[in-house]
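[1] Compute the structure for the input listed below.
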Amino acid sequence: VSDKAQESETTATTTTTSAAENADRGSNGKDGDDNCQQITFKPIVELQEVDVESGHENEKHVGEFEVVKLYRWGKDVTSDLGWKTRASNTKIMFYQNAETGKVRIVCRENVTSKLRLNQLVTMNFGAIEQKTPKQLQWKAIDCTIAEEDDKEGFCMFAAKFKESETAEEFSNLWTKCAQNNAVNNNNNSS
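    Modelled structure (predicted):
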């Protein structure tokens, strides 16, 4: 019995050593083959770091609000009208232009930073409406959807907030900024 135990230990050791040697030599067992353990990727083109303008250099940050969802009213892929999601778990930011004094709101997609909302705050199309304690709705002309629709960017928007207090603060700032823009619009036209 002890001779068989010694024989099986020897066989197991030989098999293990043989597998390790094959791994060192490569997948087909030949010496000198690349076994993908020491690969170095070198860039084809060297890129230099460049400063990119954000578009907010001439603006003052007035406020920002976290939103759960940002929607717009429009046609879906089947041409049915309905609320379409523009962004999720992101922020709507208010910026005031240093030269004109006008305020716009901007929203970028959380992960990709794609511009999802870019519009002047105005009451030309009506005041902001509270649909639920956490959801607001307004109408505006938006630069980000001007190419998508035949209405030159005019659309209804809705934002859903985590808390009703945030929705109320957003509504108050939106109304204040819309009044500011109306005054600045009158001052700029005279």
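[2] all contacts plus neighbour counts: C-alpha atoms, from now on.
    Noted.
[3] Lowest average confidence across helices and strands of the protein, where is it?
    helix 2-25 (a mean of 47; mean pLDDT, DSSP states H and E).
[4] And the contacts of the next helix or strand after that helix?
    Counting by DSSP states H and E, the next helix or strand C-terminal to helix 2-25 is strand 59-75. Residues outside strand 59-75 that contact it (Cα atoms under 8 Å, 6 or more residues apart in numbering): 80-98, 155-162, 166, 170.
[5] can you tell me which of those residues are in helices?
    Counting by DSSP state H, the part of those found in helices is 166, 170.
[6] The contacts of strand 59-75, buried ones only, as a ChimeraX selection?
    The following ChimeraX line selects those of those that are buried, judged by 16 or more other Cα atoms under 10 Å:
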select :83,86,87,88,90,91,92,93,94,95,96,155,156,157,158,159,160,161,166,170
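[7] From Gln179, how far out is the residue lying closest to Ile128 once chain neighbours are set aside?
    Sequence neighbours aside, Trp138 is the residue nearest to Ile128 in space, at 4.7 Å (criterion: Cα to Cα, 6 or more residues apart in numbering). As for Trp138, its distance to Gln179 is 15 Å (criterion: Cα to Cα, to the nearest Å).
[8] Look at these two and report which has more neighbours.
    Trp138 (21 against 17; other Cα atoms under 10 Å).
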